[in-house]
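> Provided below for reference: sequence and predicted model.
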Amino acid sequence: MASTLNKFFRTAKIITGLVRGENSHLRKLVHSNESYPGLNKESTPMRVFYPKNSTEHTVIIYPGASPSAEEHPTMNLLAKVLSNAGYLVFLPRIPPLKKLIISPEIISWTGHFFQWVQTRENVHKNKIIVIGISFGGAMVLKASLRNEFQKYPPKSMLVYGTHYAIETALRFLLTGKLEVNGVERIIQADEWGLIVLFHNYLSRVDVGYDTITTQKILKLSVQEDQEGINTELEKISEKDKELITHILKGEISSEIERIINLFWKNLQDEFISISPKYWCDQVTQKVFVMHGANDAMSPYTESIKLADSLADSRLLISYMYEHGERATHKGIFFQIKELLKIFFFLFEFIQYNER
């Protein structure tokens, strides 16, 4: 069992790596491009980060919805930081999340990978820690209720920037309003959330007119094909162009609001199934919950509610981090205070998992 002093120094190493980023010696750390058998035995990419001085603990990082998937620079920085601190780190591709497809299949992939990684010779079944980022965080919690997680459950789970209930996340998307202790704040919601929402659900509801071209442009958007978007915009009608322009810019019009209300009305059962609000009280593992106070994708109030509803949780709201990005415009004393909060949170995280 690692000594308290060793845990202290490894926590400091993690904090230093997160602050300095790729400008530090972490640039020298390389990953191994490997693959794992997917749900249908198909070869699926993953990145593995091997530590020089292993703690014998394994960390799985499940990313959020992003076309970058396992190549996402922030996910790779986190993986390098943890590997440098002695953890064997797996960063698997979850194909539906790479395609920005929100479906129950994500939960199946999450459980499948967790079970598969236990077959690796260098993985100790009882020493696995799971991290879920953004939407991937809620999916990790849901997957933890499945059989794949039950025989050898993770030591703990850490979720960052995830949601508690889709209905409140939709409300935030529409208004940007947060209310904490009776005080209202306005945060401009990120347009990416609107793009992902319409990409997934516009084809599922009847809005009263043809949206085929709009759906095509949304698909090109999640593929980050700007040339294709420009080509399609030249063909589209003025009415449809107005809708897609508002979506791509993250602007809430009366039409956007009307369609989002249709999503909730027609797909409520599906939204409930991916909302921790309705089932997170069944999660028995320790969950460390982190959120950036200025997160423009998912309001930090979601994590406050999530932590309150979990059976065993530890919460950190950081005013230094946004949606996976560090805010560098704050004063030095503010940053020191926030770093200390993060330090003690991560120290407790390491102590809990390695006791």
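Sure thing, it's come through.

> residues touching residue 247, list them.
Residue 247 makes contacts with 191, 194, 195, 198, 214, 218, 256, as judged by C-beta atoms under 8 Å, 6 or more residues apart in numbering. In short, each C-beta sits where N, CA and C put it, glycine included.

> what's the closest of those to residue 75?
residue 195 (19.7 Å; C-beta to C-beta).

> From the contact counts, what lies against the host helix or strand of the closest one?
Using DSSP states H and E, the element containing residue 195 is helix 191-201. Using 3 or more C-beta pairs under 8 Å, 6 or more residues apart in numbering; DSSP states H and E as the contact criterion, the secondary-structure elements in contact with helix 191-201 are helix 166-175, helix 212-222, helix 238-249, helix 254-273.

> Now do the shortest one: which elements does it pack against?
In terms of contacts (3+ C-beta pairs under 8 Å, 6+ apart), helix 166-175 is packed against helix 191-201, helix 254-273, helix 301-309.

> go with 7 Å
If contacts are counted by 3 or more C-beta pairs under 7 Å, 6 or more residues apart in numbering; DSSP states H and E, helix 166-175 sits against helix 191-201, helix 254-273.

> Just the residues contacting the last one, thanks.
With contact meaning C-beta atoms under 7 Å, 6 or more residues apart in numbering, helix 254-273 is reached by 104, 166-167, 170, 174, 201, 204-205, 207, 243, 246-247, 278.

> returning to that earlier point: quick check: the two most widely separated of the contacts of residue 247?
Spatially, the most separated pair among those is 191 and 214, at 15.1 Å (C-beta to C-beta).

> ok, these two, which is more surrounded?
Each of residue 191 and residue 214 had its neighbours counted (other C-beta atoms under 10 Å), and the higher figure belongs to residue 214 (22 against 18).

> That one and residue 231, how far apart?
With distances taken as C-beta to C-beta, to the nearest Å, residue 214 is found 14 Å from residue 231.

> before we move on, what about residue 257?
The spacing between residue 257 and residue 231, counted by C-beta to C-beta, is 29 Å.

> what about the helices in this protein?
Counting by DSSP state H, the segments of the chain that form helices are 4-20, 73-84, 95-98, 105-117, 135-143, 166-175, 191-201, 212-222, 226-233, 238-249, 254-273, 301-309, 332-353.

> which one of the ones you listed is the most hemmed in?
helix 135-143 (a mean of 27; mean count of other C-beta atoms under 10 Å).

> Could you tell me the angle between it and helix 254-273?
Between the axis of helix 135-143 and that of helix 254-273 there is an angle of 30 degrees, by axes from the mean of the first three to the mean of the last three C-alpha atoms, to 10 degrees.

> and helix 135-143, C-alpha only, in CSV?
In CSV, the C-alpha atoms belonging to helix 135-143 read as follows (Å, rounded to 0.1, in the frame of the first residue of the first chain):
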residue,chain,number,x,y,z
PHE,A,135,-21.9,13.0,-21.5
GLY,A,136,-19.6,10.0,-21.0
GLY,A,137,-19.9,10.6,-17.3
ALA,A,138,-23.6,9.9,-17.1
MET,A,139,-23.2,6.9,-19.3
VAL,A,140,-20.5,5.5,-17.0
LEU,A,141,-22.9,5.8,-14.1
LYS,A,142,-25.6,4.1,-16.1
ALA,A,143,-23.3,1.3,-17.2
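
> For that helix, name the packing helices and strands.
Counting contacts by 3+ C-beta pairs under 7 Å, 6+ apart, the secondary-structure elements packed against helix 135-143 are strand 58-62, helix 105-117, strand 128-133, strand 156-160.

> cutoff 6 Å now
Under the contact definition 3 or more C-beta pairs under 6 Å, 6 or more residues apart in numbering; DSSP states H and E, helix 135-143 sits against helix 105-117.
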